[in-house]
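Novice: kindly return the folded structure for what I paste below:
(2 chains)
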Amino acid sequence: MGSIRGRRTTAETSSSALQLPPIRNRFKFIFKVHPLRWTWDADDAAEGNDGWLPEVSPFHITPGSGGVGDGDVTDLAFVQLARDGWQVIYPNDPKLGEYREYVQDFPTRGRNKVNASIFESVRMVGNKAIWKGDQEAWRAFRRHLLDSGIVAPIDEAVRESLTDDLALRLDRMRERLASAGGNHPRLERDIERLSAMLDGMQGQATEPKPAPKRRRKAAPKAEPVAEEVAT
Amino acid sequence: MADEITYTGYGANLRAAEIFNRLIHEDLVDKTSLRDLLPKLGDLGGSGSDTLVTPRVAFDDAMAAANTDEVTAAANTALGNNAISLSVAQQIIQFESSDKFAVTGAPGHLQLEVLAGRLVDAYLLRFTDQTCALFPSFTAAVSDTGVDMTTDHFYDAIFALEQAVVPGPFVSVLYTVQYTDLQNSIRGEGGPAQYLGATQNQTLAKSPGYKGQFAGVEIFASDSVTAVNAGADSSGAMFGAGALVYAEASPSQAMPGAVPVPVPAGSPVYAEFDRTANPGLSAVVGHAFNAVGIGENARGVEIITDR
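Specialist: Numbers count the residues shown, from 1 in each chain, chains lettered A, B, ... in the order given. Alright, predicted model coming up:
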């Protein structure tokens, strides 16, 4: 008699293998950047860069939203994005290198898959899905977009405008703190944080200017010396 | 004394082990509906196309001084123009139950008829998801990654809209955590700034999800607001009328062979029962065709703060 062999049940193969509970708004997506949207990152600056990183945001691909048609057709959607100045970061762009195919999907108990970027991971703790983002990898990805030439560096005018915006915001917060009186630790902390950011932005915003040419101080014109008149 | 009739002694045979309550408890679901906030650009039902193109014109050309020589004609002025394209896509949901489930059910139990009544809710949930998915496509943003939302962010968004000459009233849709962070910040506000919570009268006139008003801006909180920046932040938004728009395609009549389910008037949802005799399954299916899009990008601003 032959024996029937069972297969050891593992977390991956069991019928109760980890599946996420249904999450409605984790659609398929594609990353996009806009030439006006940048953030200044102190950690990036600490690595010897200028600190300006493109703000990368998702375009959610779900039919009936933003020009996406039945079957996730994105032709119209991408035309509209381009019209608004967005640049799409195609996941299969070879220049992305290790970041190619940056979308991952997870099995769920619901009808739709749950999508996330490769910079996110999820764990089931009890019956709750807890998401975690790798912010260091996220920053490295945004730096890679610049270094690889996929995204052009920040325009000087945009850099100045964003720096001015932050300076204005700080002014408003300082005025508010001054007029509010009393103790506002949260506001004080925010002012301190943003001041440091502004210092960093301004430090990078101004290119090191060439040293001004030293001009020999012109000899003072000889004043007509009044002759002492002996009286 | 002996042979008392007790629950412990006799209950197993003389009492039911449990009674199934005919009340159905509904679990927590965020039913925020944003459909009432957005202008509807048209209904494509019976129109001959699935795409609605709405022309946009910018009448921002002021007169200029005439030529001083009095004889040279002025040149024509180019009219700024554009178009909003909305292509409706099909949205669908189906619930199916077996005959055994249906036959053994008693009045008040969860049956297909109950589920049929929830198809409109399902459409509104989908509509809210579709709308919130658009927030990251506003080109203007108030962004402070990893930082709890405060009134400063809220005012920054107002200022951004006002500087872009967006006419009010403004509406803000925030992730639930953004909203509570904002509430916490409002607690420390002094002076004339006040939060007006949603009272019963206000909520009667507003969609589900309405939380109140701050600085003249109507606030909605929704768990449909998506995550950005590798999950660190939420992508809320503030916008004026016309920033986001939608179109629908309502059927003018029941589909051939369908057994229609009544839905509220004005709803684009149409529903029908479906029957599979073998093995004995009944289904209720809800359909809707819609498109939600950005009407004018300059009328909205994304709010990115800690999730």
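
Novice: and the longest helix along chain A, what does it pack onto?
Specialist: The single longest helix within chain A, with elements called by DSSP state H, is helix A:156-180. With contacts taken as 3 or more Cβ pairs under 8 Å, 6 or more residues apart in numbering or on different chains; DSSP states H and E, helix A:156-180 sits against strand A:38-40, helix A:185-205, helix B:151-163. To be clear about C-beta, it is placed using only N, CA and C from the backbone, and glycine gets the same treatment.

Novice: which residues touch the nearest residue to residue B:241 once chain neighbours are set aside?
Specialist: Nearest non-adjacent residue to residue B:241, counting by Cβ to Cβ, 6 or more residues apart in numbering or on different chains: residue B:39, 6.6 Å away. By Cβ atoms under 8 Å, 6 or more residues apart in numbering or on different chains, the contact set of residue B:39 is B:241-242, B:245-246, B:295.

Novice: any chance of the residues you listed in a markdown table, with secondary structure and pLDDT too?
Specialist: Shown next, in a markdown table, are the contacts of residue B:39 (DSSP: H, G, I helix; E, B strand; the rest coil; pLDDT from 0 to 100):
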| residue | secondary structure | pLDDT |
| --- | --- | --- |
| B:241 | coil | 95 |
| B:242 | coil | 95 |
| B:245 | strand | 97 |
| B:246 | strand | 97 |
| B:295 | coil | 95 |
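
Novice: and these, which two are furthest apart?
Specialist: B:241 and B:246 (12.8 Å; Cβ to Cβ).

Novice: who has more neighbours out of those two?
Specialist: Shown here are residue B:241 and residue B:246; by other Cβ atoms under 10 Å in any protein chain shown, residue B:246 has more neighbours (26 against 18).

Novice: got the CA coordinates for the worst-scoring helix or strand of chain A on mean pLDDT in CSV?
Specialist: Lowest mean confidence among the helices and strands of chain A (mean pLDDT, DSSP states H and E): helix A:185-205, at a mean of 88. Coordinates of each C-alpha in helix A:185-205 appear next as CSV, following Å, rounded to 0.1, in the frame of the first residue of the first chain:
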residue,chain,number,x,y,z
PRO,A,185,5.3,74.9,23.2
ARG,A,186,4.0,73.3,20.0
LEU,A,187,4.1,76.6,18.1
GLU,A,188,7.5,77.4,19.4
ARG,A,189,8.8,73.9,18.4
ASP,A,190,7.4,74.3,14.9
ILE,A,191,9.0,77.7,14.6
GLU,A,192,12.3,76.3,15.7
ARG,A,193,12.0,73.4,13.2
LEU,A,194,11.0,75.6,10.3
SER,A,195,13.7,78.2,11.1
ALA,A,196,16.3,75.5,10.9
MET,A,197,14.8,74.4,7.6
LEU,A,198,14.8,77.9,6.3
ASP,A,199,18.4,78.3,7.3
GLY,A,200,19.2,75.2,5.3
MET,A,201,17.2,76.3,2.3
GLN,A,202,18.8,79.7,2.3
GLY,A,203,22.2,78.3,2.8
GLN,A,204,21.7,76.2,-0.3
ALA,A,205,19.6,78.7,-2.2
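
Novice: report the angle between that helix and helix B:151-163.
Specialist: 60 degrees (axes from the mean of the first three to the mean of the last three Cα atoms, to 10 degrees).

Novice: tell me where the stretch 151-300 of chain B has helices.
Specialist: B:151-163, B:176-187, B:200-205 (DSSP state H, counting those that start in this stretch).

Novice: kindly report the same for chain A.
Specialist: A:42-46, A:75-83, A:135-147, A:156-180, A:185-205.

Novice: turn those into JSON lines, including mean neighbour count and distance to residue B:290.
Specialist: JSON lines is the format used below for the helices of chain A (neighbours: other Cβ atoms under 10 Å in any protein chain shown; distance: least, Cβ to Cβ, whole Å):
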{"stretch": "helix A:42-46", "mean neighbour count": "15", "distance to residue B:290": "41"}
{"stretch": "helix A:75-83", "mean neighbour count": "16", "distance to residue B:290": "15"}
{"stretch": "helix A:135-147", "mean neighbour count": "18", "distance to residue B:290": "33"}
{"stretch": "helix A:156-180", "mean neighbour count": "15", "distance to residue B:290": "36"}
{"stretch": "helix A:185-205", "mean neighbour count": "15", "distance to residue B:290": "41"}
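
Novice: now tabulate those in a markdown table and tack on distance to residue B:27.
Specialist: Shown next, in a markdown table, are the helices of chain A (distance: least, Cβ to Cβ, whole Å):
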| stretch | distance to residue B:27 |
| --- | --- |
| helix A:42-46 | 41 |
| helix A:75-83 | 34 |
| helix A:135-147 | 33 |
| helix A:156-180 | 41 |
| helix A:185-205 | 35 |
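
Novice: nearest to residue A:55, of those?
Specialist: Using Cβ to Cβ, the helices of chain A put helix A:135-147 closest to residue A:55, at 8.2 Å.

Novice: near chain B at all, the closest one?
Specialist: Yes. Interface with chain B: helix A:135-147 contributes A:135, A:137-138 (Cβ under 8 Å from any Cβ of the partner chain).

Novice: closest to residue A:198 among these?
Specialist: Proximity of those to residue A:198 was ranked by Cβ to Cβ; the top entry is residue A:135 with 21.5 Å.

Novice: residues in contact with that closest one?
Specialist: Neighbouring residues of residue A:135 by Cβ under 8 Å, 6+ apart: A:119, B:146, B:230, B:232.

Novice: on that earlier part again, with pLDDT added, can I get the residues of helix A:135-147 next to chain B in a markdown table?
Specialist: Below are the residues of helix A:135-147 next to chain B laid out as a markdown table (pLDDT from 0 to 100):
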| residue | pLDDT |
| --- | --- |
| A:135 | 96 |
| A:137 | 97 |
| A:138 | 97 |
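
Novice: closest one of those residues to residue A:174?
Specialist: residue A:135 (28.8 Å).

Novice: need the residues of the stretch 1-150 of chain B near chain A, please.
Specialist: B:51, B:82, B:85-91, B:125, B:129-134, B:136-137, B:139, B:141, B:143, B:145-147, B:150.

Novice: cutoff 7 Å now
Specialist: Counting by Cβ under 7 Å from any Cβ of the partner chain, the stretch 1-150 of chain B comes close to chain A at B:85, B:87-91, B:129-130, B:132-134, B:136-137, B:139, B:141, B:143, B:145.

Novice: take those and keep only those in strands.
Specialist: In strands, judged by DSSP state E, the following of these are found: B:85, B:87, B:89-91, B:141, B:143.

Novice: tell me the confidence at the residue nearest to residue B:100 when sequence neighbours are not counted?
Specialist: Using Cβ to Cβ, 6+ apart and skipping residues adjacent in sequence, the residue nearest residue B:100 is residue B:280, 7.6 Å away. We have a pLDDT of 95 for residue B:280.
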